[in-house]
Each structure stands twice: as structure tokens, then as C-alpha cells.
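> Model the structure of this input:
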Amino acid sequence: MPTAVRNIVVLTGAGISAESGLDTFRGPGGLWEGHRVEDICTPEALARNRPLVLDFYDQRRAALGGVKPNAAHEALARLDREWAGDLLIVTQNVDDLHERAGAKRLLHMHGELMSALCEGCGGRASFGGAMLDGPDCAVCGESGGVRPDIVFFGEMPYEMDRIEAALAEADLFVSIGTSGAVYPAAGYVQMARHFGAETLELNLEPSAGSYNFDESRMGPASVLVPAWVDEVLGA
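Alright, predicted model coming up:
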């Protein structure tokens, strides 16, 4: 690790949650849990078959109750507690495992399963039930317009300005469990390097963007991440 590190940006992807037993959406042939992406993760899909989309995310939300954070989530939560410099954990994941491990300096760029978005007022609120039941918006009280607070394909990821500002100030950028194939997140390593940050990849296998990193370490996130956090904190 570079000696003058104070500001760290960590990007996490599906690989960090896979070891908790949470299946990644994207599977063989580009299917998400047996569905085409176009049928369950686009604004057009929601307009075309709202019950199918709501049920898909209701099932994903319910599945969270059967999994728990693993050693990689716990290690990042420890880094959050003990790192005196700036830290931003940017996750592409929509699960709540980072929060349940205790991470606070966290941003969900693709939304959250445990959150609802009102199409009427644009309000967002914590949500743990079933959207097929037609809940009222917790912000404005209207019914019938609550959807998963998930960034669908074709929609803008959340808090892009905040992410880019953090990358501009980062001394170290670390990517954990990502495919390196989904933009804009796949371009963050190049942005970080442009601003002078050192870059490190922790992944089960080389990603599509491995060649962009100063260093790549291959192995399970539950092994690599705790070891890296120990290194950073001088344990």
C-alpha cells in the first residue's frame, strides 16, 4: 500500500456478497434469476408488467432474511470504524449486508432492496414488505405508485457527483468483487488513476478491467479483504 494514503474509495460488487449465499442476479446467458434483464430491470418492463417486476424484487428482498454478512463485509465495517482518513464505500449491490455489518460511510449507487421509491412524489423510504400488496407511499401517502428503489437499466445511478468528487481526492482506489463490465462503475479505476490514486483489485478471478489496476490479488473476498484491511490498519 502506498505510504501517504489518507483518502480511500472502495467499490464493491456482487462478488463480496456471493460468499454470504446471496446469488448474483446475472447468470448464464445474461438471465437474471431466469428472467431477461429487459423483463425485470427496465422502466419499460415496469410499465409493461408491473406485477412481475414487483414480485421479482419482493422475492429478492425476502431472500435477504436468510443471509448474513461475511468476513469481507465485517472487515470493511472495521475499516470504516477505525480509519481516521476519508473513506467512501461505493457498492453496486442492492442488498443490506454492508449496513448489517456496521458500515456507515456507504453509498448504494444502484439503489437498495430495503427501500421504496414513490413514482409520484419521488420520495424514498425504508421498506421491508411486499410491494405486490400495494403499499402507500410513506412520504406522500399516495397508493399505487411505490416501486423498488432500484436503478433500472437506462436510469442514472445515485450520487454520481459525490462518487466522482471522492475519486478526485482519493489516494487509493480498491475494487472488490466486481466484474469490471458494468458502467459507469467499470470506469472508476481509470478515473482514480487519472487523479493520481494507486489502484488495487481484490477479486475471485481477473475482471474485464484487471489490466487497469496497479495491483490485482485473486482469491475469495472473505480472505483477501480482511487481510488487506489488516494491512491498511497496521494490524
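> for the longest strand anywhere in the chain, what is the average pLDDT?
Ranked by number of residues, the top strand in the chain under DSSP state E is strand 111-118. The average pLDDT for strand 111-118 rounds to 97.
> what lines up beside the helix or strand that that strand is followed by in the sheet?
The C-terminal neighbour of strand 111-118 among helices and strands, as given by DSSP states H and E, is strand 124-126. Partner strands and pairing direction for strand 124-126 (DSSP bridges) are strand 111-118 (antiparallel).
> Check what contacts the partner strand and list those residues.
With Cβ atoms under 8 Å, 6 or more residues apart in numbering as the test, strand 111-118 has contacts from 57, 60-61, 64, 94-96, 123-128, 131, 135, 137-140, 142, 145-151, 158. To be clear about C-beta, it is placed using only N, CA and C from the backbone, and glycine gets the same treatment.
> Could you pick out the buried ones from the residues you listed?
57, 60-61, 64, 94-96, 123-124, 127, 131, 137, 139, 146-151, 158 (16 or more other Cβ atoms under 10 Å).
> Among those residues, name the ones in helices.
57, 60, 61 (DSSP state H).
> Any idea what the closest residue to the first one other than its chain neighbours is bridged to?
When you say that, I think you mean residue 57. Residue nearest to residue 57 in three dimensions, not counting chain neighbours: residue 148, with 4.1 Å by Cβ to Cβ, 6 or more residues apart in numbering. Here residue 148 sits in beta bridges with residue 116, as judged by DSSP bridges.
> my guess is residue 148 meets residue 55, correct?
No: between residue 148 and residue 55 there is no contact under Cβ atoms under 8 Å: 10.7 Å.
> Please identify the helix or strand for residue 4.
Counting by DSSP H and E, residue 4 is part of no helix or strand.
> mind listing what the residue nearest to it when sequence neighbours are not counted touches?
Excluding its sequence neighbours, the residue lying closest to residue 4 (Cβ to Cβ, 6+ apart) is residue 171, at 6.4 Å. Residue 171 is in contact with 2, 4, 5, 6, 7, 8, 196, 197, 198, counting by Cβ under 8 Å, 6+ apart.
> Quick check: the gap between the second one and residue 11.
As for residue 4, its distance to residue 11 is 21 Å (criterion: Cβ to Cβ, to the nearest Å).
> And the two? Which one has more around it.
residue 11 (25 against 8; other Cβ atoms under 10 Å).
> Would you mind measuring from the residue nearest to residue 57 to residue 163?
Residue 148 is 21 Å from residue 163, by Cβ to Cβ.
> immediately after the least confident helix or strand in the chain by mean pLDDT, which helix or strand?
When the helices and strands of the chain are scored by mean pLDDT, DSSP states H and E, strand 31-32 comes last with a mean of 59. Downstream of strand 31-32, the first helix or strand assigned by DSSP H and E is strand 35-36.
> give me every residue that touches residue 201.
174, 175, 189, 207, 209, 210, 213, 215, 216, 217.
> So the first one lies in a strand, does it not?
This points to residue 174. Yes: checked against DSSP: H, G, I helix; E, B strand; the rest coil, residue 174 lies within a strand.
> Grab the two from the contacts of residue 171 that are most spread out in space.
8 and 196 (13.8 Å; Cβ to Cβ).
> which of the two has more neighbours?
More crowded of residue 8 and residue 196, by other Cβ under 10 Å: residue 8, with 24 against 10.
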